[in-house]
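# pasting a predicted model and its sequence here:
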Amino acid sequence: MFVARILLPAMAAVSLCGAALAAQPGAELQGKLELVWGDSAPDAATPAGRLIGNLVMDDGQRIALDVDSARFAAGDLYALQGHRIALVASADTASGAEGAATTLLRAETIVLAEPVQTDAAASPVTGSRPWVTIACKFSDITSEPKDLAYFQTMLSDSPGRLDDYWRTVSYGKVNVAGSAAYGWFTLPHPRSYYIPSGGSADLAKLFSDCTSVANPTVDFSVFVGINQMFNGDLDGFAWGGNRSATLDGKTGLWAVTWEPPWAYQNEGPLAHEMGHGFGLPHANNSDLDSDPYDNPWDVMSDWRADATSDAIFGTLPKHINIYHRDRLGWIDAARKLTIGSAGTWALSLDAAEIATSANLQMIVVTLPGAAASHYYTIEARRAGDAGDAYDHNLAGSAVIIHEIDTTRKEPAWSVDAQSPPANVADDPGSMFVAGEAWAAPGGSFFVSVTATTATGFVVSIDRATDDLVFRNGF
């Protein structure tokens, strides 16, 4: 258990290597938080997600973080992605992803260390966010799986393409207009230089060399994101997140993806990795297994199940859950209601896919006596809409409830009324329709779906008092 410590935003950063930290527990450090998620290939025998965290010091040095301790130390670590943070830490030795001994920095306390202190809320992702796609091939692999026209079209604003997708899921608040594609560029080394046999891909080397060979052709300064498309498998994973770098005179934390061929032969996984670049973590269901890819209501979890498809661009992305939309600043205040006191509410809840809704689309229910990091979200989703290229093939139209815990590896878990929960959350227990109800653990609140409307559902919510929860033994 870590001891809380208050850090001042103006404190001086300490630049120390990992070895020095081991001798100086309790060191106070400042730097930018860099997070990168790894996503296993769809044919993986044991699907699993990975997460790498680095504290990027002012001199460019990266210190590897123990992300499990960092999540609890921050309360909402993912909200701090790309920001300057301050942490109190000690060094520890942990097992690396492949079983190698790796020194990771264990965090005791993490706070935002930027001039304006805010609460733990993700930075809004709005406006124009153009991405550059650079196609790079290993020096010993000559194939070029897709041409530049494919990549350029994939990021266009045509229906079903990724500029249209991000406009749709954000209600027009963000776009990737101005995106461009270049390549194929030949890397200076063979694949084995970047991905040792049986080991993890060296993301730093891949990023450095891919951007270097593209640099004479590409002006990186006009983009905010970089999609790197490689012509061979990496380490069984596709990767997405952010990377601190200076390119063409522009210094910052770029949104970055590292894509093997399987991840760009379908739009779904590419949208998933771009979502990581925008700061989104994985979603999950509530079956408690190690597979984070079994919540089909969010492209940040299961991008395959219940998805639409395209003859050229494969599996298309679905929408993201309402919690993730809200993290990125896409839910207007008029469409969101937070219930934080005892009482009963009857509410019209429109499907989250409707861009022109005049009703609520997000309901947040806090838990009596619980930490601010733990609450529930309620949304409606609509299947079968011929005008929506992304959610058309969902399992059905229903009210979907997510339990949120921002200290978890995947904060948003879809709830399931059946026990045990289904392996994939497109079962009737995960979908609440008219005439059905659900009780939160301990009776802290109750949700009833009382009617279906042309645009969603009518729901009744009864939130308990602290005393009622106590008497129910929770």
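On my side now, so go ahead.

# shouldn't S290 be in contact with A44?
No. Because the distance of 11.5 Å does not satisfy C-beta atoms under 8 Å, S290 is recorded as not touching A44. (Glycine included, C-beta is placed from N, CA and C.)

# tell me which of the two has more neighbours.
Each of S290 and A44 has its neighbours counted (other C-beta atoms under 10 Å); A44 has more, 13 against 10.

# that one reaches D235, doesn't it?
No. Under the criterion of C-beta under 8 Å, A44 lies out of contact with D235, with a separation of 11.3 Å.

# ok, and the closest non-adjacent residue to A380?
Using C-beta to C-beta, 6 or more residues apart in numbering and skipping residues adjacent in sequence, the residue nearest A380 is G456, 4.1 Å away.

# that neighbour bridge partners, please.
Using DSSP bridges, the bridge partners assigned to G456 are D350.

# return the residues in contact with it.
In this structure, G456 makes contact with S348, L349, D350, A351, I354, N359, A380, R382, judged by C-beta atoms under 8 Å, 6 or more residues apart in numbering.

# next, the last one: phi, psi?
When you say that, I think you mean R382. Backbone geometry at R382, expressed as degrees, to the nearest 10, gives phi -130, psi 130.

# roughly how far does it sit from T46?
Distance from R382 to T46, counting by C-beta to C-beta, to the nearest Å: 34 Å.

# these two - which one has more neighbours?
When neighbours are counted by other C-beta under 10 Å, R382 comes out ahead of the other of R382 and T46, with 21 against 8.

# isn't the more buried one right up against S397?
Yes. Counting by C-beta under 8 Å, R382 sits close enough to S397 to count as a contact (4.7 Å).

# overlap of the contact sets of these two?
A shared contact of R382 and S397, defined by C-beta under 8 Å, 6+ apart, is any residue touching both; here these are A351.

# before we move on, back to that, mind putting the contacts of G456 in CSV, pLDDT included?
Conversion of the contacts of G456 to CSV gives the following (pLDDT from 0 to 100):
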residue, pLDDT
S348, 98
L349, 98
D350, 98
A351, 97
I354, 95
N359, 94
A380, 98
R382, 96
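
# now, which of those residues sits nearest Q265?
The nearest member of the contacts of G456 to Q265, counting by C-beta to C-beta, is R382 at 28.4 Å.

# leaving out chain neighbours, which residue sits closest to that closest one?
Here the nearest residue to R382 in space, its sequence neighbours aside, is A351; by C-beta to C-beta, 6+ apart that works out to 3.7 Å.

# hmm, the one you found is touching G384, no?
No. Counting by C-beta under 8 Å, A351 stays clear of G384, with 10.9 Å between them.

# give me the common contacts of these two.
Jointly contacting A351 and G384 under the rule C-beta under 8 Å, 6+ apart are S397.

# quick one, helices of the stretch 301-450 of the chain?
For the stretch 301-450 of the chain, the helices defined by DSSP state H, counting those that start in this stretch cover 322-327.

# give me the nearest residue to D157, chain neighbours excluded.
D163 (4.1 Å).

# so that neighbour lies in a helix, does it not?
Yes. Counting by DSSP: H, G, I helix; E, B strand; the rest coil, D163 is found in a helix.

# ok, it - contacts?
Taking C-beta under 8 Å, 6+ apart as the definition of contact, the neighbours of D163 are L155, S156, D157, N175, V176, A177, S179.

# residues near S139, how many?
Other residues within reach of S139 by the criterion other C-beta under 10 Å amount to 13.

# so who does it touch?
With contacts defined as C-beta under 8 Å, 6+ apart, the neighbours of S139 are T186, L187, P188, H189, P190.

# secondary structure class of the third one, three-state.
Local secondary structure at P188 is given as coil here, using three-state DSSP.

# need the nearest residue in space to it, chain neighbours excluded.
Closest residue to P188 apart from its sequence neighbours, by C-beta to C-beta, 6+ apart: D209 at 5.9 Å.

# how near is D310 to A204?
Applying C-beta to C-beta, the value for D310 to A204 is 34 Å.

# sorry, slip of the keys, the one I care about is H374.
Where A204 is concerned, H374 sits at a distance of 36 Å (C-beta to C-beta).

# secondary structure element for V213?
Applying DSSP states H and E as the criterion places V213 in helix 203-214.

# what's the offset of that helix from the middle of its chain?
Here the centre of helix 203-214 is set off from its chain's centre by 23 Å, with C-alpha atoms, centre = their mean, to the nearest Å.

# convert that helix to CSV, retaining C-alpha atoms only.
Written as CSV, here are the backbone C-alpha positions of helix 203-214 (Å, rounded to 0.1, in the frame of the first residue of the first chain):
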residue,chain,number,x,y,z
LEU,A,203,8.9,0.4,-30.8
ALA,A,204,11.6,3.1,-30.3
LYS,A,205,13.7,1.8,-33.1
LEU,A,206,10.7,1.3,-35.4
PHE,A,207,9.5,4.8,-34.8
SER,A,208,12.9,6.4,-35.2
ASP,A,209,13.8,4.6,-38.4
CYS,A,210,10.4,4.8,-40.0
THR,A,211,10.0,8.6,-39.4
SER,A,212,13.7,9.1,-40.5
VAL,A,213,13.4,7.4,-43.9
ALA,A,214,10.1,9.3,-44.5
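
# residues making contact with it?
Here helix 203-214 makes contact (C-beta under 8 Å, 6+ apart) with 36, 52, 134, 136, 182-183, 185-189, 193-194, 220, 226, 228, 230, 234, 239, 243, 245, 247, 256, 258.

# is it possible to mark the buried ones in those residues?
Neighbour-count burial within these applies to 36, 52, 134, 136, 182-183, 185, 187, 193-194, 220, 226, 228, 230, 234, 239, 243, 245, 247, 256, 258; the criterion is 16 or more other C-beta atoms under 10 Å.

# among these, which lie within helices?
With helices defined by DSSP state H, the entries of these inside them are Y193, Y194.

# now, which of the buried ones among the contacts of helix 203-214 lie within strands?
Secondary-structure check on these using DSSP state E: residues within strands are 36, 52, 134, 136, 182-183, 185, 226, 228, 230, 239, 243, 245, 247, 256, 258.

# and which of the residues you listed is nearest to G314?
When these are compared for distance to G314 (C-beta to C-beta), F230 comes out closest, at 17.4 Å.

# got the domain ranges for the protein?
For the chain, the structural domains run 18-112, 127-279, 324-471, going by automatic domain parsing.

# can you redo the ones you listed as JSON lines with distance to T315?
Putting these into JSON lines (distance: least, C-beta to C-beta, whole Å) gives the following:
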{"stretch": "domain 18-112", "distance to T315": "9"}
{"stretch": "domain 127-279", "distance to T315": "4"}
{"stretch": "domain 324-471", "distance to T315": "10"}
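
# neighbours of G60, how many?
Applying other C-beta under 10 Å, I find that G60 has 12 neighbouring residues.

# check E28 too.
17.

# this completes my enquiry, with thanks.
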